[in-house]
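Q: Quick one, structure for this:
(chains A, B, C and D)
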There are 2 protein chains.
Amino acid sequence: MQASVKSIRALARGLDVFKALHNHRSASLQDLHDETGLAKPTLLRILKTLEEGGVARRSTRDGRYRVSASVRFFGQNLGMEDAIAEQAAPVLDRLCRDMLWPSDIGVYKDGAMEILESSRHQTPFMVNRDRIGFRVHMLMSAMGRAYLAFSPAAERRTILTRLSRSGDPYDHAARNPSAVLADLARDRARGYAVREAGYGRWGIAERSQADAIAVPVLQGKRVLACLSLAWAAGATTRAEMVARHLGRLQDAAAEIAGRVAAPAP
Amino acid sequence: MQASVKSIRALARGLDVFKALHNHRSASLQDLHDETGLAKPTLLRILKTLEEGGVARRSTRDGRYRVSASVRFFGQNLGMEDAIAEQAAPVLDRLCRDMLWPSDIGVYKDGAMEILESSRHQTPFMVNRDRIGFRVHMLMSAMGRAYLAFSPAAERRTILTRLSRSGDPYDHAARNPSAVLADLARDRARGYAVREAGYGRWGIAERSQADAIAVPVLQGKRVLACLSLAWAAGATTRAEMVARHLGRLQDAAAEIAGRVAAPAP
DNA sequence: ACCAATGTTTCACCTGGTGTAACACTGGCG
DNA sequence: CGCCAGTGTTACACCAGGTGAAACATTGGT
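A: This next block holds a predicted model:
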């Protein structure tokens, strides 16, 4: 941890003033003084700096301070994935501490699931280097199958059609859709999806077998993302993991969906 | 002027780092070091503070820094009026220096024009105390007439109907719509509107007569706001002011419309 | 014309921000 | 496997720069 890195009080105060300004539509120096408890000369300097930085302005008409309209564009080029990753990260951390096994969260993109965040870095069981945008197969991984199982039928059909045309041998199971659809219906009924036997291994040189389950993060009827739980198959059984952790995993998925809709402060 | 108020370097640097972070979707410490020229320990402290302030985050997966999704909501509760006032303010200042007479900008709201910004504070001719939300009559003021003259016919009709039911004697002219519409058609043809003779006076105790013209700030077919130019009637003639300044006023209106659509950096 | 509330400037104190230098970690290449 | 370049982190000592008390200026109210 970077426990020794100290934060900068002057900057933190500036952010506080900006937030105070953001809460009220406009604020006088006195308002800000009352709200933040900072000395007025300090506030004048902070507000001057915020103005020069283009994030606040002082009306020439009433002398009151407001946030600048330019801040409307802050974060406007972030995608939904960024929001999901950010809101999921602390939930994954907590999950990992509770379950002692790591989780991943990912979204569907261009024919595969793309991993957005992971708590694998907290465990010794890193199978893949943590590079952003790592992609896992739709039909082989628990995460991909969760996405397919819980998506609306139309989207499921579209994706399977796409996979059946793919050059990747792992995707060819989609060419026998009735078998796949039956598996997915079973997953949907159980409330979680499982990975295909033999896909994915743990540890250096992929010696030990891995297993995983995954649940959807639902936004209405759409699957916003999928949340997976992985463990070394030799350590415990799938039935045991489902019994102990499925509820927790589903709760976490619901929490993430809620936080993406209305982020925590 | 508050020429003597110094800005806070530590805060300005923090804002710079935030902006650098905002330009790239994600940035490593090295990226930020290269871009801002700040020492890495300084950056670590700034980033720590931005994280604690909830405006930046560091991905646990790749260790790169990003702006937090929560900044998406910054400035989201500002109205269009705030944006207009902000973008107009510097333009009004410049206009006032060029023309030596003050301008106002206002929007239509609830049966009257509401002043958003003004350069009257730069002149000795302040007729009204600069209180925010000062309202001027639609039919008596140049600004109100400009709004009516250049609005789509349907909106013009709606407003006139509303005014005709008003209790304010100034609004009763709307009860003879054909005369009003003829005046507005003339204003529209000329490209500017004028105030009703006798409305508005300059200076202390309202001794000297005032005159004004106004032009629309157009966003497509809608009148976003109106921009007025006022002067003491005894000092110069309306024909002279139109000849010298109408083009400038229309250019300024176009500039404001452009800046509201895509704010200057 | 007075008074209370708010905004601004000055200035001396000393903390808190700063960068250099040393250290730790990672990944790539031979 | 070991070296090396690139990157991230920690320690530390200096002193610029942030800070708020107090004095001053301005505004608004009745």
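Q: mind checking the SS state of residue A:252?
A: helix (DSSP: H, G, I helix; E, B strand; the rest coil).
Q: and if you look at the one 5 residues further on?
A: Assigned by three-state DSSP, the conformation of residue A:257 is helix.
Q: Pretty sure it sits against residue A:219.
A: Yes: between residue A:257 and residue A:219 there is a contact under Cβ atoms under 8 Å: 5.6 Å. For the C-beta atoms, the positions are set from N, CA and C on the backbone; glycine is no exception.
Q: Looking at the two, which has the bigger crowd around it?
A: Neighbour count, other Cβ atoms under 10 Å in any protein chain shown: between residue A:257 and residue A:219, residue A:257 has more, with 20 against 16.
Q: contacting residues around the more buried one?
A: A:217-219, A:224 (Cβ atoms under 8 Å, 6 or more residues apart in numbering or on different chains).
Q: Rebuild these as JSON lines, extending it with pLDDT.
A: Formatted as JSON lines, the contacts of residue A:257 follow (pLDDT from 0 to 100):
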{"residue": "A:217", "pLDDT": "98"}
{"residue": "A:218", "pLDDT": "96"}
{"residue": "A:219", "pLDDT": "93"}
{"residue": "A:224", "pLDDT": "97"}
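Q: Where strands are concerned, which of those count?
A: By the criterion of DSSP state E, membership of those in strands covers A:217-219, A:224.
Q: so can I have a markdown table of these showing distance to DNA strand D?
A: A markdown table is the format used below for the ones in strands among the contacts of residue A:257 (distance: Cβ to the nearest atom of the strand, whole Å):
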| residue | distance to DNA strand D |
| --- | --- |
| A:217 | 29 |
| A:218 | 35 |
| A:219 | 33 |
| A:224 | 30 |
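Q: Per-residue pLDDT of the spatially most central residue of chain A, please?
A: Against the mean C-alpha coordinate of chain A, by Cα atoms, centre = their mean, the closest residue is residue A:85 at 2.6 Å. In this prediction, residue A:85 carries a pLDDT score of 92.
Q: and the closest residue to it other than its chain neighbours, how many residues sit next to it?
A: Nearest residue to residue A:85 in three dimensions, chain neighbours excluded: residue A:116, at 4.1 Å (Cβ to Cβ, 6 or more residues apart in numbering or on different chains). A count of nearby residues for residue A:116, using other Cβ under 10 Å, gives 25.
Q: what does residue A:181 give?
A: 16.
Q: Now it, what are its backbone angles?
A: Backbone geometry at residue A:181, expressed as degrees, to the nearest 10, gives phi -60, psi -30.
Q: OK, contacts around it?
A: A:156, A:160.
Q: could you redo the last one with a cut-off of 10 Å?
A: A:148-149, A:153, A:156-157, A:160 (Cβ atoms under 10 Å, 6 or more residues apart in numbering or on different chains).
Q: If we only consider those, which is nearest to residue B:30?
A: residue A:148 (39.6 Å; Cβ to Cβ).
Q: what helix or strand is that closest one on?
A: Using DSSP states H and E, residue A:148 maps to helix A:142-150.
Q: hang on, residue A:176 packs against residue A:163?
A: No: contact between residue A:176 and residue A:163 fails when scored by Cβ atoms under 10 Å: they sit 11.4 Å apart.
Q: Would you confirm that residue A:33 contacts residue A:39?
A: Yes: Residue A:33 lies in contact with residue A:39 (Cβ under 10 Å); the separation is 7.6 Å.
Q: Was I right to think residue A:104 contacts residue A:213?
A: No: judged on Cβ under 10 Å, residue A:104 makes no contact with residue A:213 at a distance of 11.6 Å.
Q: so what sits against both of these two?
A: A:142-143, A:227-230.
Q: Of those residues, which is the most crowded?
A: Counting by other Cβ under 10 Å, top hit in these: residue A:143 with 32 neighbours.
Q: Up against DNA strand D, what does chain A have?
A: Residues of chain A lying near DNA strand D by Cβ under 7 Å from any atom of the strand: A:1-5, A:9-10, A:13, A:38-42, A:45-46.
Q: Give the ChimeraX command for selecting the buried subset of those residues.
A: To isolate the buried subset of those in ChimeraX, counting by 16 or more other Cβ atoms under 10 Å in any protein chain shown, use the following:
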select /A:10,13,38,42,45,46
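Q: Could you list the low-confidence segments of the stretch 101-250 of chain A?
A: A:122-133, A:197-208 (pLDDT under 70).
Q: ok, now with 80
A: A:120-134, A:168-170, A:197-210 (pLDDT under 80).
Q: in it, which spans are strands?
A: Using DSSP state E, counting those that start in this stretch, the strands found in the stretch 101-250 of chain A span residues A:103-109, A:112-118, A:135-136, A:193-194, A:201-202, A:208-219, A:222-232.
Q: Residue A:176 and residue A:163: which is more packed in?
A: residue A:163 (24 against 10).
Q: all helices of the stretch 1-150 of chain A, in order?
A: Assigned by DSSP state H, counting those that start in this stretch, the stretch 1-150 of chain A shows helices spanning A:9-23, A:29-36, A:40-52, A:80-99, A:142-150.
Q: Identify, from the contacts of residue A:181, the entry nearest to chain B.
A: residue A:148 (24.1 Å; Cβ to the nearest Cβ).
Q: Check the gap between that closest one and DNA strand D for me.
A: Distance, residue A:148 to DNA strand D, by Cβ to the nearest atom of the strand, to the nearest Å: 36 Å.
Q: so that residue touches residue A:171, yeah?
A: No: using Cβ under 10 Å, residue A:148 is not in contact with residue A:171, being 11.9 Å away.
Q: So those two - more neighbours on which side?
A: For residue A:148 versus residue A:171, neighbours defined as other Cβ under 10 Å are more numerous around residue A:148 (29 against 20).
Q: Within range of DNA strand C, give me the residues from chain A.
A: Residues of chain A lying near DNA strand C (Cβ under 7 Å from any atom of the strand): A:6, A:8-11, A:28-30, A:33, A:40-41, A:44, A:63, A:129.
Q: Considering those, which possesses the most neighbours?
A: residue A:11 (27 neighbours).
Q: Per-residue pLDDT of it, please?
A: On the pLDDT scale, residue A:11 gets 98.
Q: That one touches residue B:13, doesn't it?
A: Yes: with contacts counted by Cβ under 10 Å, residue A:11 reaches residue B:13, the gap being 7.7 Å.
Q: Now do the shared contacts for those two.
A: With Cβ under 10 Å, 6+ apart, residue A:11 and residue B:13 have common neighbours A:49, B:45-46.
Q: Next, give phi and psi for the most far-flung residue of chain A relative to its centre.
A: Distance from the C-alpha centroid of chain A, by Cα atoms, centre = their mean, peaks at residue A:61 (44.2 Å). Dihedral angles of residue A:61 (phi, psi; degrees, to the nearest 10) stand at phi -80, psi -50.
Q: any idea how far it is from residue A:26?
A: From residue A:61 over to residue A:26 the distance is 11 Å, taken as Cβ to Cβ, to the nearest Å.
Q: how close does residue A:242 get to residue B:114?
A: Between residue A:242 and residue B:114 the distance is 62 Å, computed by Cβ to Cβ.
Q: next one: residue A:109
A: Counting by Cβ to Cβ, the gap from residue A:109 to residue B:114 is 47 Å.
Q: Would you mind telling me which of the two has the busier surroundings?
A: Comparing residue A:109 with residue B:114 by other Cβ under 10 Å, the one with more neighbours is residue B:114, at 17 against 12.
Q: What residues does the more buried one make contact with?
A: Contacts of residue B:114 by Cβ under 10 Å, 6+ apart are B:81, B:106-108, B:132-136, B:143, B:225.
Q: Just the buried ones from these, in ChimeraX syntax?
A: Selecting just the buried residues from the contacts of residue B:114 in ChimeraX takes one command, with 16+ other Cβ under 10 Å as the test:
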select /B:81,106,107,108,134,136,143,225
